[in-house]
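Visitor: take this sequence and fold it.
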Amino acid sequence: MLIRFGFEIDIVCIAPVPMLLALSVHPAAGGRLIGGDFVRVPDECQVRTYDDQFQNRITRVVAPSGATKLWSDCVMDFDAQPDVQVPSAQQHSIPDLPDDVLQHLLASRYCDSDNLINDAWSLFGHTPEGWDRVLAITQFVHQHVTFGYQFGRASKTASEVFREKTGVCRDFAHLSISLCRAMNIPARYASGYLGDIGVPYSGAGDFCAWFEVFLGGRWHTFDARYNIPRAGRILMVRGSDAADVAMITSFGDYRLEYFRVWTGKLEDGLEDAAILEMLRSRPDSEPLVFPSSARLA
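Guide: Residues are numbered from 1 along each chain as shown. From the prediction side, this is the model:
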């Protein structure tokens, strides 16, 4: 499947601002990239990239005073099948877990699982260990939390999501991760592109957060926001929670003026030359944030 994906982000700074941008595809995303998957910045910007502890590709940039446009546009050719379902996947005992997985049992900045232990065991202690327990947690979060951009805030923790019953996609992921960790199931945060592929149009594009759990010797994808297997996920970042993989980490003030994301399926059989010609201009798509948007408030 050929999927075109990218973003445009317009910001304004009153003075130069160093930034870390987690806006590139993760090496584990797989597939063949056609075009350049990197953050385009104005020529005058200082910019370089590095890989962090989770192998996320991070772009370091100093945004200058005034307006700056950040953007990317690319095509991935890959087997974009729905999330793999493995109902037989078993939960590991903690002594049997690999060393590098243990960190994903611990409470973290937004996933305060230590504050949810009693609630988690009360809600899910009766469920079978393994896949069925994670399904029960995912279903609970999907039904318990109401989605809305007006409910998002940068400081919101999983226990606050649990109490307030509202949030954006990262809050669905944080609460799911925290409930899994409270039940001794390793869980980690993931985010990337997820277009309306095989499902009805849902409005302006955005990046999407989901979560992964370690069962049966490997990591598996779950998504409490949608609660159904989805096709065409393109992984950008992984971490303990959103604190590790913020889209923009700034060391100074800036104003978001414009934001749009596109993720769309292209017709089968397109040659690379035709795709590269298509990438000479960015596609039309609905912005999620624009100068008059209430989301700027």
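
Visitor: quick one, what contacts the closest residue in space to residue 117 that isn't next to it in sequence?
Guide: Spatial nearest neighbour of residue 117, excluding adjacent residues (CB to CB, 6 or more residues apart in numbering): residue 182 at 4.6 Å. Any C-beta I mention is one placed from the backbone N, CA and C, and that applies to glycine too. By CB atoms under 8 Å, 6 or more residues apart in numbering, the contact list for residue 182 reads 113, 114, 116, 117, 119, 120, 121.

Visitor: just residue 200 next, same as before
Guide: With contact set as CB under 8 Å, 6+ apart, residue 200 has no partners.

Visitor: cool, and residue 230?
Guide: Contact partners of residue 230, counting by CB under 8 Å, 6+ apart, are 82, 83, 194, 197, 198, 199, 223.

Visitor: residue 15: how many residues sit nearby?
Guide: 11 (other CB atoms under 10 Å).

Visitor: just checking, it touches residue 65?
Guide: Yes. At 5.6 Å, residue 15 counts as touching residue 65 under the criterion of CB atoms under 8 Å.

Visitor: most centrally placed residue in the protein?
Guide: With distances taken as CA atoms, centre = their mean, residue 191 lies nearest the centre of the chain, 1.4 Å away.

Visitor: list phi and psi for that one.
Guide: The phi/psi pair for residue 191 (degrees, to the nearest 10) reads phi -150, psi 150.

Visitor: ok, it touching residue 174?
Guide: No. Judged on CB under 8 Å, residue 191 makes no contact with residue 174 at a distance of 11.4 Å.

Visitor: all strands in the stretch 101-250 of the chain, in order from the N-terminus.
Guide: Ranges of strands in the stretch 101-250 of the chain, per DSSP state E, counting those that start in this stretch, are 146-147, 166-167, 187-193, 207-215, 218-222, 234-239, 248-250.
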